[in-house]
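Undergrad: only geometry, no sequence info:
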C-alpha cells in the first residue's frame, strides 16, 4: 500500500456516509440503503465508485440537482415491463427500488424489465444485478453516464462508460457476477495514472483530434475514452455498439437524457441547455431461472460450467482462470477484515463533507 | 473484386439453397425459410455465414446430426419465458420459430424471452433480432458456437465466437442493428488472411501456449481466438464476460451443450463424448417499445439519437460516424442489384453439393 493510503474500517465509512445522507435530508431507510450501495463499491474494490464519490453527491445536492425525498413511481407498465420516474432522487436509492420492481414482475410472469428516467449516478452496476440472486433469478443492470467516450471514427464525446452487469446464481459455487464498463478502461484507472504522472497503455484514450495517445491526461484537453476494442482493427465498433445499446435501453426507452445529453456527474459542469429527457437513465432485468428449467438442474450445470472454466489450463505465469465475480469477492473478504484503503485526497474530501454537516469521520 | 470471385445473382443462390434443403427432406416452408435466413448473411456482407456454409449443413445432415423434419416444441414456459427444444432441426429453421414465440409472448405481456436447446448453427444473429422490428419491438438474439476462443489467461478453447445482436426500431431513420461476435475478430476474417498468406493484426489470436501472435494460421496448430479487448491490459476479460454470458443464457439456461461441450459445426470433428446437454443453444428476446413509453415518442427520440451520432464530428480521413446496421444495409442494396460475390472455392463446394442432389447452380 502506498504512503498516501489510509485503512479505514468498513463500518466507520458506512455510518459516516449514512449520516451524510441523513444530513442531506434523506429519510432513515433511504440513507441506510444509499450508504450500503455506495460502500459496496469500496468493498468490491471499485474504489472510483464508492466513498470517493460521496462529495460529488453532496455537491449535486447543493446545486439542487438531487431530491433527497423522491417519490419514485411507475409511469408506464405491462405485466413484464415498467418505466420508473426517479423524481431526481439519488441513483443509489432509485436503482434498488427499480430493480425490486423488476424482481416483483419476474415473480409473477417469469421476467421483469424496468427502464428508469430522472435518476443520477447509481453506484456500481453489480449491486443491483446481484439483488436478483437470492430470488434464484438472473439479474441485469446497466446505466448511461456522463459523456466521455467517442464512437469509432468520431472526435466527439457522445457516450458514457455505460456499464453492464449480469449476476447468475449457481448451486455450491459462488455466483457468476460480471460488471464492466463498455470502454477499454474505466476513467478511474486513468485518474490514478494521472496522479502518478504515468503514461496510459495504448488503446485506452484518444486526443482531441481522435488520435490514439498514451497521454493519461488527454481527457482534460478534449480527448476521449475509447470503446472496448480500442481501435477499428481490434473492433472498437463493438464497444461502441455495446455502449450505444446501454444508452438506448437506459435512456431513449425511459425518457432520460441520452448520448451527449446525459447530465454530468460533476456539479461544476452545466446541465444540457436543450435537454431531450429527464436526468440519467438505467435499465434493469430479472429472469427467474425456473422460467426456463428446474432450479436444481440449472444450478448444477452452472456449478459444472464454473468448475470447468476455473480449472482450465492456464497461460504460463498465470495461476488460474478467473470466474467473473471472484476477484471482487476476494477483495470484499479482505477489506471487511482489514479495512478499506482510502487515498489521502479522498480523506480530505470526506473531512470537507464532514465539516459541512458537523460530522466526524 | 479479385480474380477468384464470381458475381452470382441473389435469386440464383436463393433458389439453389432452397432446392438443397428440399433435397435434404425439409418441408417446402422450412426450405424457404432456411434459404432466406442463410442468404440474408450474403446479402448483408457476412460472407462466412451464408452460402459458404451450405456444404457444412449438408455434411452435418449426412452425418445424421440434422433432422430435416423437426417438431420444434416448447418444453417449459411462463407468460414471458419459454425453453424450446429444436429437435435437432436446422438452426436456420428452429431460430426464427423460437424468435416468433418471443414476439408472441411480448404481444401479450410486454416482453418474451426464449432459450433454445438441441439446435445447431442459426446463420447470422441479426436476422432473428430484426424479426422484432416490424412489430415495433426491440429484438435480441444470441447463440453459442463451436469452441474456438480462450478465456483470458487460458490456453484452452472453451467458448465460441458467441455473437450478440440487437435490433431497435426508429421512426423516419432506418433501424439500429448491432450484430457482432464477442471476439476481437471473426473466424471468417482469419480464414481470408490464411488464404492470402498474410499476417493477422496483433490482438486477434494466440498460439497454443497462449501467447499473442500475428500468425493467422495459429488456430490450426492449437491456438485460439482472443475475446473482444485482445489482452488483459485492454480488457479482454470483458470480452470473456460477454462470451460467457451468451454461452450461459443460450445453453446452461436451455439445457444445450455449453462451453467446450458445444457441438462443432464441422462434421469431421466428433461430438463431445461426455455431453452435458443437447445440441447448440440460442437465446432470443423481444420487448415492445410501448411497454415502456408511447411508440411515437420512442421513435422520434431514436431518430434524434441516430441523427446526432450520424452527424458527429469525425476523425481526419473518416467521412462519417457509422450507425450500427448502416454498412450492412448499404451492402444489401448493392448486392441485390449487382449480385453476390462468391469465391471460387465456395463455387466449387456448391457444385459438389449440386452434384450430390443432381441440382445445378
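TA: Here it is on my side, so go on. Everything numeric here is computed off the predicted structure, so don't read it as measured data.
Undergrad: continuing past the lowest-mean-pLDDT helix or strand in chain A, what's the next helix or strand?
TA: Lowest by mean pLDDT, DSSP states H and E among the helices and strands of chain A is helix A:187-196, with a mean of 84. As assigned by DSSP states H and E, the chain's next helix or strand after helix A:187-196 is strand A:205-206.
Undergrad: name the helices or strands packed onto that following strand?
TA: strand A:212-213, strand A:224-225 (3 or more Cβ pairs under 8 Å, 6 or more residues apart in numbering or on different chains; DSSP states H and E). The C-beta positions use only the backbone N, C-alpha and C, and glycine is treated the same way.
Undergrad: Please identify the deepest-packed of these.
TA: strand A:224-225 (a mean of 26; mean count of other Cβ atoms under 10 Å in any protein chain shown).
Undergrad: Follow the chain on from that strand and name the next helix or strand.
TA: helix A:236-247.
Undergrad: Measure how whichever helix or strand comes after that following helix sits relative to helix A:236-247, angle-wise.
TA: Using DSSP H and E, the helix or strand that follows helix A:236-247 towards the C-terminus is strand A:280-288. Going by axes from the mean of the first three to the mean of the last three Cα atoms, to 10 degrees, strand A:280-288 is angled at 90 degrees with respect to helix A:236-247.
Undergrad: quick one: average pLDDT of strand A:280-288?
TA: Averaged across strand A:280-288, the pLDDT comes to 99.
Undergrad: which neighbours does that strand have in its sheet, and in what orientation?
TA: strand A:111-119 (antiparallel), strand A:137-143 (antiparallel) (DSSP bridges).
Undergrad: Mean neighbour count and mean pLDDT added to those strands, as JSON lines?
TA: Output for the strands paired with strand A:280-288, formatted as JSON lines (neighbours: other Cβ atoms under 10 Å in any protein chain shown; pLDDT from 0 to 100):
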{"stretch": "strand A:111-119", "mean neighbour count": "29", "mean pLDDT": "98"}
{"stretch": "strand A:137-143", "mean neighbour count": "28", "mean pLDDT": "99"}
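Undergrad: I'd like those strands as JSON lines, with distance to residue B:224 appended.
TA: Output for these, formatted as JSON lines (distance: least, Cβ to Cβ, whole Å):
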{"stretch": "strand A:111-119", "distance to residue B:224": "34"}
{"stretch": "strand A:137-143", "distance to residue B:224": "27"}
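Undergrad: List the buried residues for the least confident helix or strand of chain A?
TA: A:187, A:189, A:190, A:193, A:194 (16 or more other Cβ atoms under 10 Å in any protein chain shown).
Undergrad: Pipe the helices and strands packed on strand A:205-206 into TSV and attach distance to residue B:208 and mean pLDDT per row.
TA: Listed next are the helices and strands packed on strand A:205-206 as TSV, based on distance: least, Cβ to Cβ, whole Å; pLDDT from 0 to 100:
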stretch	distance to residue B:208	mean pLDDT
strand A:212-213	30	96
strand A:224-225	34	97
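Undergrad: still on that earlier bit, contacts made by the least confident helix or strand of chain A with the rest, please.
TA: A:46-49, A:148, A:161, A:199-200, A:204-205, A:216-217, A:219-220, A:225 (Cβ atoms under 8 Å, 6 or more residues apart in numbering or on different chains).
Undergrad: Let's see that with 7 Å instead.
TA: Contact with helix A:187-196 is made by A:47, A:48, A:148, A:161, A:200, A:204, A:205, A:216, A:217, A:219, A:225, as judged by Cβ atoms under 7 Å, 6 or more residues apart in numbering or on different chains.
Undergrad: what's the answer for stretch A:88-106, then?
TA: Stretch A:88-106 is contacted by residues A:30, A:33-34, A:37-38, A:57, A:66-67, A:70, A:72, A:74, A:79-80, A:82, A:84, A:86, A:112-114, A:116, A:118-123, A:128, A:131-132, A:135, A:137, A:141, A:279-280, A:282, A:284-288 when judged by Cβ under 7 Å, 6+ apart.
Undergrad: Now tabulate the helices and strands packed on strand A:205-206 in a markdown table and tack on distance to residue B:9.
TA: Formatted as a markdown table, those follow (distance: least, Cβ to Cβ, whole Å):
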| stretch | distance to residue B:9 |
| --- | --- |
| strand A:212-213 | 42 |
| strand A:224-225 | 44 |
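Undergrad: Which of these sits closest to residue B:345?
TA: For residue B:345, the closest of the helices and strands packed on strand A:205-206 is strand A:212-213, at 36.6 Å, according to Cβ to Cβ.
Undergrad: who touches that closest one?
TA: Against strand A:212-213 from outside (Cβ under 7 Å, 6+ apart): A:202, A:203, A:205, A:206, A:207, A:223, A:231.
Undergrad: 6 Å instead?
TA: A:205, A:206, A:207 (Cβ atoms under 6 Å, 6 or more residues apart in numbering or on different chains).
Undergrad: helix or strand for residue A:82, which one?
TA: Counting by DSSP H and E, residue A:82 is found in strand A:81-85.
Undergrad: I figured residue A:142 hits residue A:244, correct?
TA: No. Using Cβ atoms under 6 Å, residue A:142 is not in contact with residue A:244; the gap is 11.6 Å.
Undergrad: ok, now which ones touch residue A:71?
TA: Contacts of residue A:71 (Cβ under 6 Å, 6+ apart): residue A:87.
Undergrad: could you redo the last one with a cut-off of 10 Å?
TA: Residue A:71 is in contact with A:85, A:86, A:87, A:89, counting by Cβ atoms under 10 Å, 6 or more residues apart in numbering or on different chains.
Undergrad: Could you report the pLDDT at it?
TA: For residue A:71, the predicted pLDDT is 98.
Undergrad: before we move on, what SS does it have?
TA: Three-state assignment for residue A:71 (DSSP: H, G, I helix; E, B strand; the rest coil): coil.
Undergrad: tell me the phi and psi of residue A:149?
TA: Note on residue A:149: its backbone torsions stand at phi -120, psi 140 [degrees, to the nearest 10].
Undergrad: is it true that it touches residue A:204?
TA: No. Residue A:149 is beyond contact range of residue A:204, at 11.1 Å (criterion: Cβ atoms under 10 Å).
Undergrad: who has more neighbours, these two?
TA: Remark: of residue A:149 and residue A:204, residue A:149 carries more neighbours, 30 against 27, as counted by other Cβ atoms under 10 Å in any protein chain shown.
Undergrad: For residue A:243, see how far away that one is.
TA: 6 Å (Cβ to Cβ, to the nearest Å).
Undergrad: what touches both of these two?
TA: A:158, A:159, A:160, A:161, A:162, A:181, A:182, A:183, A:225, A:227, A:228.
Undergrad: between residue A:149 and residue A:204, what contacts are shared?
TA: Contacts common to residue A:149 and residue A:204, judged by Cβ under 10 Å, 6+ apart, are A:183, A:184, A:187, A:225, A:226.
Undergrad: Run a quick neighbour tally on the second one.
TA: This points to residue A:184. When neighbours are counted by other Cβ under 10 Å, residue A:184 comes out with 29.
Undergrad: Now do the same contact list for it.
TA: So residue A:184 contacts A:149, A:200-205, A:225-231, A:234, A:236, A:239, B:229-230, B:233-235, B:238 (Cβ under 10 Å, 6+ apart).
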